[in-house]
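1. sequence and predicted structure below; questions after.
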Amino acid sequence: MNDSKTLASTLDVDKIRADFPALSQTVHGKPLIYLDNGATTQKPLQVIERVRKFDTEEYGTVRRGAYKISEHSTQLYEEARQKVADFLGAGSKSEIIFTSGTTQAINLVAYSFGKKFVEAGDEIIISNIEHHANTVPWQVLCEEKGAHLKVIPVNDEGELILEEYDKLLSKKTRMVAVNHVSNALGTVNPVKEIARRAHAVGASVLVDGAQSTSHMKVDVQDLDCDFYTFSGHKMYGPSGVGGLFGKMELLEQMPPYVTGGDMIMQVTLEKTTYAKPPSRFEAGTPPITQVIGLGAAIDYMNSIGMDTIAEYEHQLLEYGTKCLENIDGLRLIGTAKDKAAILSFYLEAVHPHDVVTCLDQDGIAVRGGHHCAQPTMIRFGVPATARASMSFYNKIEELDALAESIKRTIKIFS
Amino acid sequence: MRSLKASKEPLKYFPDINEHLQNPMAYSSELYQQVILDHNRKPRNFRKIENASHSCHGINPLCGDDVYIYLNVNDKGVIEDVSFTGSGCAISKASCSLMTTHLKDKTVEDARINFKEFQNMIIGTMDPDKEEHHLGKLSLFMGVREYPSRTKCASLAWHTMVGALDKKFEGISTE
């Protein structure tokens, strides 16, 4: 067996694990092995304590109170926006809009961009390996506008076939919406190249970053995408907050998605003028505490370093892939050359839901199901998969335990 | 039962990985009993009944369990034949298989009573060890009640069967 110390020379996993109280709990009498990071990540003390301190000592409403604690709260809220902007490489913090998460961010773009720029006969391109959150909003938009949805196919490894993508692109293409990392397969998509080709025909590009921002360095200016979405609870922050990066030149032209307070310039009973972005897209009181927590989560990831995180998680992926490849009757779904630390698999003898229940008895938390990506499951001819998704706080011993537990599960059912 | 408690001190991680992985299959006795595993491996009445008097399609959208239940009910209200097709997890497949073996030659009225008893058992409002019931071997599924996320897998067969009796042509969904 490999030794984790030699595997991860740049990262002290034991020290990091001490930051995450949830990882020291037991489940069914066994130490928790948490491998459902693709669904949601656990929180470090740095986030938990920051949120506690904010709610205890600093909480106030934002953007409206002319008194001390509200002004202070607003300042912290805007500082968090700057942290997100820096984290994603955005040119200006005004290009960052807080939402409840990726789902709402994509819905915002589909609705607002769609209302402004999409007409009957236009085309929207997605891929065959999108989350339902990056599928359904575009289907709804196409239905409403009489536009058409086109789908980039994938090869057997789960990689987008770019030659086929080229054939879909045309002057009719308004939007290309793809994920940076597939939640069901782990494929890292070449979004920079996808954006370049889309822009060549005048289309805009949305990148669903729900699975990428916690695992790799993201630079939206280098990728040159027009929109980028993310979820706080998948990046060691609170649930209920996430957001959208959007290029200012587009955001400025887009109508509001949700209307109400805080998103206006002036309201009379006859007419309302809208505030500039990002306020235009943040109607109502935002998730203030959660935004502060998200800022703390970004600080935490930065303190480790995104390159260090990516390197360590890649080692976990390579080790885990070897462990699982050696199991008879196990089929890995998603074997792209460029992959994030996600292992989706299907057992000939055991349905994924039974796998999840059996692994849970060993304290191992994995996801089983279609991962809100039914078109992906259909493409690979499976009803569902079991998925182990890793984080920098996972240890290789945990992947050994995963493999052993899978083998025992197969034995029970054979 | 699930025991999820945070320890005060961080656990020493894997004091012994082999110890962690021992206790072989102790848990399987609760949910994955031998009879259930056997019906998963070799499902009974796994076929379509052509020209069935009643049939229904049932899905469990969360899991992707997808089954068809077929019944032939005669003039006297007796289920002369009952079968199923489809795909799903071990619990849903074994539940279909055991249900079909149980319902053969029973009346429609009995089938509906069994449905209610089965429901009450898996949600924990009826204890088959202490209360009178007509479930026979089906009481094996009692263990499901410790797994709230799996109760729908066990009940899909029954909801779909009742959907067939009620002539629900649009199908049944557990959501």
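-> Perfect, I can see it now.
2. can you pull up the most central residue in chain B?
-> Nearest to the mean C-alpha position of chain B, counting by CA atoms, centre = their mean, stands B:Ala154 at 2.5 Å.
3. if you look at the host helix or strand of that residue, does any of it touch chain A?
-> Taking DSSP states H and E as the definition, one finds B:Ala154 inside helix B:151-165. Yes. Helix B:151-165 is in contact with chain A by CB under 8 Å from any CB of the partner chain, via B:Cys153. Any C-beta I mention is one placed from the backbone N, CA and C, and that applies to glycine too.
4. elements contacting that helix?
-> Packing partners of helix B:151-165 (3 or more CB pairs under 8 Å, 6 or more residues apart in numbering or on different chains; DSSP states H and E): strand B:54-60, strand B:65-73, helix B:90-103, helix B:108-123, strand B:172-173.
5. just the strands in the stretch 251-400 of chain A please.
-> Using DSSP state E, counting those that start in this stretch, the strands of the stretch 251-400 of chain A run over residues A:264-267, A:272-274, A:330-332, A:342-347, A:364-365, A:367-369, A:385-389.
6. out of those strands, flag the one nearest chain B.
-> Chain B lies closest to strand A:367-369 among the strands of the stretch 251-400 of chain A, at 6.4 Å (CB to the nearest CB).
7. would the closest one count as contacting chain B?
-> Yes. Using CB under 8 Å from any CB, we find that strand A:367-369 touches chain B at A:Gly369.
8. how far is that strand from where the chain is centred?
-> From the chain centre to the centre of strand A:367-369 is a distance of 17 Å (CA atoms, centre = their mean, to the nearest Å).
9. likewise stretch A:17-30?
-> The answer for stretch A:17-30 is 24 Å, by CA atoms, centre = their mean.
10. quick one: it near chain B?
-> Yes. With CB under 8 Å from any CB as the measure, stretch A:17-30 is seen reaching chain B through A:Arg17, A:Ala18, A:Pro21, A:Ala22, A:Leu23, A:Ser24, A:Gln25, A:Thr26, A:Val27, A:His28, A:Gly29, A:Lys30.
11. just the buried residues out of those residues, in ChimeraX syntax.
-> Listed next is the ChimeraX selection for buried residues among those, using 16 or more other CB atoms under 10 Å in any protein chain shown:
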select /A:17,21,23,24,25,27,28,30
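12. just the ones of the residues of stretch A:17-30 next to chain B in strands?
-> A:Gln25, A:Thr26, A:Val27, A:Lys30 (DSSP state E).
13. out of these, who's nearest B:Leu135?
-> A:Val27 (30.8 Å; CB to CB).
14. tell me which of the helices and strands packed on helix B:151-165 sits nearest to chain A.
-> helix B:90-103 (4.7 Å).
15. and the closest one, what does it pack onto?
-> On a contact count with 3+ CB pairs under 8 Å, 6+ apart, helix B:90-103 meets helix A:352-361, helix B:34-41, strand B:65-73, strand B:79-87, helix B:108-123, helix B:151-165.
16. can you list the strands that the third one pairs with?
-> Okay, so that is strand B:65-73. strand B:54-60 (antiparallel), strand B:79-87 (antiparallel) (DSSP bridges).
17. CA atoms only: put that strand into PDB for me.
-> Below are the C-alpha coordinates for strand B:65-73, written out as PDB (Å, rounded to 0.1, in the frame of the first residue of the first chain):
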ATOM      1  CA  ASP B  65     -36.800   2.100 -10.200                       C
ATOM      2  CA  ASP B  66     -39.100   1.300 -13.100                       C
ATOM      3  CA  VAL B  67     -41.600  -1.600 -13.000                       C
ATOM      4  CA  TYR B  68     -44.800  -2.900 -14.700                       C
ATOM      5  CA  ILE B  69     -47.300  -5.000 -12.800                       C
ATOM      6  CA  TYR B  70     -49.700  -7.200 -14.600                       C
ATOM      7  CA  LEU B  71     -52.800  -9.000 -13.100                       C
ATOM      8  CA  ASN B  72     -55.500 -11.300 -14.300                       C
ATOM      9  CA  VAL B  73     -58.600 -10.900 -12.100                       C
END
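18. just want the angle from that strand to helix B:151-165.
-> 30 degrees (axes from the mean of the first three to the mean of the last three CA atoms, to 10 degrees).
19. so what angle separates the directions of strand B:65-73 and helix A:352-361?
-> Using the same axes, to 10 degrees: strand B:65-73 against helix A:352-361 is 120 degrees.
20. now, which of the ones in strands among the residues of stretch A:17-30 next to chain B sits nearest B:Glu146?
-> Nearest to B:Glu146 among these: A:Val27, at 13.6 Å, using CB to CB.
21. give me the beta-bridge partners of that closest one?
-> In beta-bridge terms (that is, DSSP bridges), A:Val27 pairs with A:Lys30, B:Leu4.
22. who wins for proximity to A:Met254 among the helices and strands packed on helix B:151-165?
-> Closest among these, using CB to CB: strand B:172-173, at 36.5 Å.
23. now the closest one: average pLDDT?
-> Strand B:172-173 comes out with an average pLDDT of 80.
24. and for stretch A:87-105?
-> The model assigns stretch A:87-105 a mean pLDDT of 98.
25. related to what we said a few turns ago, can you name the two of the residues of stretch A:17-30 next to chain B that sit furthest apart?
-> A:Ala18 and A:His28 (23.2 Å).
26. of the strands paired with strand B:65-73, which stretch is the most buried?
-> Among these, strand B:54-60 has the highest mean neighbour count (mean count of other CB atoms under 10 Å in any protein chain shown), at a mean of 22.
27. let me know the angle separating it from helix B:90-103.
-> Interaxial angle of strand B:54-60 relative to helix B:90-103 (the same axes, to 10 degrees): 160 degrees.
28. now strand B:54-60: how far from the chain's centre is it?
-> On CA atoms, centre = their mean, the centre of strand B:54-60 falls 14 Å from that of its chain.
29. returning to that earlier point: could you save the strands paired with strand B:65-73 as CSV and add columns showing mean pLDDT?
-> Shown next, in CSV, are the strands paired with strand B:65-73 (pLDDT from 0 to 100):
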stretch, mean pLDDT
strand B:54-60, 94
strand B:79-87, 96
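30. of all the ones you listed, which one is nearest A:Asn155?
-> strand B:79-87 (25.6 Å).
31. can you show me the CA trace of that closest one as CSV?
-> The C-alpha coordinates for strand B:79-87 follow below in CSV (Å, rounded to 0.1, in the frame of the first residue of the first chain):
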residue,chain,number,x,y,z
ILE,B,79,-56.3,-12.8,-8.8
GLU,B,80,-55.6,-15.8,-11.0
ASP,B,81,-52.2,-14.6,-12.2
VAL,B,82,-49.9,-11.7,-11.3
SER,B,83,-46.5,-10.8,-12.7
PHE,B,84,-44.0,-8.0,-13.2
THR,B,85,-41.3,-6.7,-15.5
GLY,B,86,-38.8,-3.8,-15.3
SER,B,87,-35.7,-2.8,-13.5
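32. list the buried residues for stretch B:43-52?
-> Quick answer for stretch B:43-52 (16+ other CB under 10 Å): B:Pro43, B:Arg44, B:Asn45, B:Ile49, B:Ala52.
33. what are the contacting residues of that stretch?
-> B:55, B:68, B:70-72, B:81-85, B:93-94, B:96-98, B:100-101, B:104 (CB atoms under 8 Å, 6 or more residues apart in numbering or on different chains).
34. if we go to 6 Å?
-> Identification of contacts with stretch B:43-52 by CB atoms under 6 Å, 6 or more residues apart in numbering or on different chains yields B:Tyr70, B:Asn72, B:Asp81, B:Ser83, B:Thr85, B:Lys93, B:Ser97, B:Thr100, B:Thr101.
35. for those residues, work out which two are farthest apart.
-> Within the contacts of stretch B:43-52, B:Asn72 and B:Lys93 form the most distant pair, 21.5 Å apart (CB to CB).
36. give me the domain ranges for chain A.
-> A:4-40+A:306-413, A:49-302 (automatic domain parsing).
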